[in-house]
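> my questions are about this predicted structure, shown below with the sequence.
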Amino acid sequence: MQKRRENKKIVRGIIKITTKTVGFVMVDGTQKEDDIIIFEENLNCALDKDEVEAEIIGKDRNRKKGRVKRIIKRNKTHFVGTIEKINNSFVFRPDDFKFYKKVDIFDCPSDIDSDTKVLVEIEWTNPNLNPKGKIISIIGKKGEHETEMKSILLDRGIVYNFPKDVENESKKILIEFENQQKKSLIDFSRKDFRHINTFTIDPANAKDFDDALSYEDLGEGKIRVGVHIADVSHFVQPGTALDKEAEKRSFSTYLVDRTIPMLPEILSNNLCSLMPNVDRLAFSVVFEIEKQTGQILDRWFGKTIINSNKRFSYEEAQKILDSVNNSPSDNLFQNELFNLDRIAKIYREKNKKNGAIEFETDEVKFELDEKGKPLKIYKKERLDTMKMIEEWMLLANREVAKFISDKIGKRGGASIFRVHNLPNKEKMEELALFVKTLGHTLPLRGGYVRARDLNFLFSQIEGHISESLIKTAALRSMAKAEYSTKNIGHFGLAFEYYTHFTSPIRRYPDLMIHRILERYLKNEPISKNEFSKFEKIAQEASEKEIVIQEAERDSIKYKQVEFMQNKIGQEFNAVISGVTEWGVYVENTETKIEGLVRLKNLGDDYYKLDPKNYCLIGSHTKKKFSLGDSICVKLISADLDRKTLDFELV
């Protein structure tokens, strides 16, 4: 008996729930063929994405079979769902369809209506009993815009209101700044840039402006360009309620209709926003540059005071650029914009030659009515002004990272970097096969890919019907960029040094970098004890970033399905974006709306999956449905609860 116990292998990992079984995913987060299958009776109260300890108890169809021994860490305990009243009793149905057990609600208000969305705290320790749920808050009527957007946030633990102590602290900071504004703005430790032409360029609907550019012609073929970032660290001090809340949130969240800011609006939309014609405190990276070549002759980091002359939207700045007709002008901001754009293009081309990957995937925008109903969905246009701002921010981030790295190399210390690991060999081999199936080539060298080969592939597929599919597949095949105290470089950008410095209003790691940079500029040591603190912040921010991206994607998916609800029976042109044993996924190229054509809706034949060639083949007709094929489909159902669309072949 003792020997049998010792033979059972104990492993740790993350549970990934599927329809009837559970795939056991190893701690590194990558799903593998030898993951352990754990059936419902052996889950022992484990839920999707819980970290667990499990033991292997046998085999099932040549796969390892296991049993959860204990739950190490719950992924979450709060779930959003719908209350349904059945025969004077209440049933809670979680929005998460991977929740496989009925939830018993206790202390449910007797006057609550059926189809009400609620946030429930769930406790479950006995696998022989149903989970118990306690209503934490009532969100609203299911199907209403406000209810559904709040549900997406709350289900992931994203809070949209700030605690009172945080709001009060923000108000106090505003009052103190206004009372001492003259003193704050006569700070001789700050460089005064208020007399230099400065402007911001942001989306038309932006309310927080955390970066600005200044331009100064020095004569003799030289210019000085300032990348000015809101000095959030001046107002948000370590250890305050405001700082703790910002660290907890880690990022601002952007749904289709709203922003959930990392900082209260008093700061994000006022004190820390680089609004036009207002004196503002900034932390700046200033470059002296050779005007024609873009060569950086000198750089300076430090605290500044700026006064933005103009607030541009991307579209407004683009109109000015377009009016130049490739010839500099003396009109207001034309010369500045022209040269900043021209030099940004030099940097962009240089980065590309060095191996920076040009991932320009399509994004969608929504036009909503006053009740939040989607009226229109369209692809977001990538303007030169967007790329221009992006290049200057990349430059500032890179130079800050290099400066900090040099300081660490000379005298020790620590920092937080934005890193991107090399691509996984197996995933690259799968991507090369995928690309080949679509009629293109991705050369591999010993199973590895070079960034320049990816860029060559992207240039070859530009405008091709499979362009979006290949770029999306390539992006998914890459390691995810993350925050780390260990600088391993950034593969996607081809930078040896990189960090996030330019958005402290909406990213907590950027705020940390401001504090770290200031200390290195002042030659203040960073102790070994702080290294573990930086590691914790980097890890938690990386994890939180994934959660927020999921919420943002969910809001897009919900609105896409809602947009299609009144279009059942209509026909659409689509491209096959995925091939599985249960059907083909199709995507409308204009709206990026995706849905499923099930096998039974493909026609009168029995189709089998050919996984190597990414296609379904009819047993009798030999008709093929391959990845990247253009087909015409008709919408037959739109399920808002699951955020899914079903089509049939026309």
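That came through fine. Note that the structure is a prediction, hence the values are computed from the model and not measured. Residues are numbered from 1 along each chain as shown.
> how far off centre is the helix or strand containing residue 557?
According to DSSP states H and E, residue 557 maps onto helix 529-564. Offset of helix 529-564 from its chain centre (CA atoms, centre = their mean, to the nearest Å): 6 Å.
> any buried residues in it, and which?
Within helix 529-564, the residues that qualify as buried are 534-535, 537-538, 540-542, 544-545, 547-548, 551, 554-564, counting by 16 or more other CB atoms under 10 Å. Quick note: C-beta positions are derived from backbone N, CA and C, even for glycine.
> I'd assumed residue 392 was in contact with residue 213.
Yes - counting by CB atoms under 8 Å, residue 392 is a contact partner of residue 213 at 6.2 Å.
> spit out the residues that contact those two alike.
225, 227, 340 (CB atoms under 8 Å, 6 or more residues apart in numbering).
> residues touching the last one, list them.
So that's residue 340. When contacts are counted by CB under 8 Å, 6+ apart, residue 340 touches 213, 215, 225, 388, 392.
> wait, what's in contact with the nearest residue to residue 11 once chain neighbours are set aside?
Nearest non-adjacent residue to residue 11, counting by CB to CB, 6 or more residues apart in numbering: residue 54, 5.9 Å away. Neighbouring residues of residue 54 by CB under 8 Å, 6+ apart: 10-13, 24, 36, 38, 66-69.
> cutoff 10 Å now
For residue 54, the contact set (CB atoms under 10 Å, 6 or more residues apart in numbering) comprises 9-13, 15, 22, 24, 36, 38, 42-44, 46, 64, 66-70.
> buried subset of those as a ChimeraX selection?
The following ChimeraX line selects those of the contacts of residue 54 that are buried, judged by 16+ other CB under 10 Å:
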select :11,13,15,22,24,36,38,42,43,44,46,64,66,67,68,69
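> mind checking which of the contacts of residue 54 are in strands?
Among those, the members found in strands (DSSP state E) are 10-13, 15, 22, 24, 38, 64, 66-70.
> in those, find the pair that's most separated.
64 and 70 (18.5 Å; CB to CB).
> for this protein, what helix or strand is lowest in average pLDDT?
In the chain, no helix or strand scores lower on mean pLDDT, DSSP states H and E than helix 2-7, which sits at a mean of 44.
> re earlier: any idea which of the contacts of residue 340 has the most stuff around it?
residue 388 (25 neighbours; other CB atoms under 10 Å).
> so, low pLDDT: which residues of the stretch 101-250 of the chain?
Across the stretch 101-250 of the chain, the ranges flagged by pLDDT under 70 are 182-187.
> thinking again about what came up before, let me see the mean pLDDT of the helix holding residue 557.
For helix 529-564, mean pLDDT is 95.
> the helix or strand containing residue 648 pairs with which strands, parallel or anti?
Per DSSP H and E: residue 648 is located in strand 644-649. Sheet pairing of strand 644-649 (DSSP bridges) gives strand 594-598 (parallel), strand 630-639 (antiparallel).
> point out the most buried one among those strands.
strand 594-598 (a mean of 20; mean count of other CB atoms under 10 Å).
> spell out for me which residue occupies the centre of this structure.
residue 549 (3.9 Å; CA atoms, centre = their mean).
> how about the strands in the stretch 1-150 of the chain?
For the stretch 1-150 of the chain, the strands defined by DSSP state E, counting those that start in this stretch occupy 10-17, 21-26, 37-39, 51-60, 63-73, 78-86, 89-94, 103-105, 116-123, 132-141.
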